[in-house]
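**Q** Quick one: sequence and predicted model below, then my questions.
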Amino acid sequence: MSRSKDPNPDSNAPALTVGKPQIAYPCDWPYTVIGEDAARIEEGIHATVGDAAVRVRRRRSSRTGRFCSYHATVRVADERQRDEIFQRLQAIASVKVVL
């Protein structure tokens with residue numbers, strides 16, 4: 001006699017829903033900026049966020065010193081501003097990655 005296995009062994013577990021996270025604005029939003037020219041990156045972060053409240057910390061350099069990363073926390077008013085800052089950070093010439 002063969003038993004059939006339950007295809008969903010955790011059927012009593014709550015269902016997970018995937019969707020857009022609920023973010024309460026205004027809030028402090030963290031960005032990690034990675035690139036090649038530390039001075040240009042830091043200057044670019046400050047120029048990008050303008051009047052928004054920002055805290056910038058240099059995080060690390062690569063083993064060879066070619067790349068560096070910065071952690072920038074910016075007070076954003078809404079999703080539009082958050083996305084706009086992200087896109088502007090990506091546009092800085094010496095930036096390779098924004099997270």
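**A** That came through, no problem. All values derive from a computational prediction rather than experimental measurement.

**Q** Specify the beta-bridge partners of residue 95.
**A** Under DSSP bridges, the beta-bridge partners of residue 95 are residue 35.

**Q** Let me know whether it touches residue 87 as I believe.
**A** No. Residue 95 is beyond contact range of residue 87, at 11.3 Å (criterion: Cβ atoms under 8 Å). Every C-beta, even on glycine, is put in place using the N, C-alpha and C of the backbone.

**Q** Looking at the two, which one has more neighbours?
**A** residue 95 (21 against 10; other Cβ atoms under 10 Å).

**Q** Could you pull up the contacting residues of the more buried one?
**A** Going by Cβ atoms under 8 Å, 6 or more residues apart in numbering, residue 95 touches 33, 34, 35, 41, 44, 89.

**Q** where exactly do the strands run in this structure?
**A** For the chain, applying DSSP state E gives strands covering 27-35, 54-61, 68-76, 95-98.
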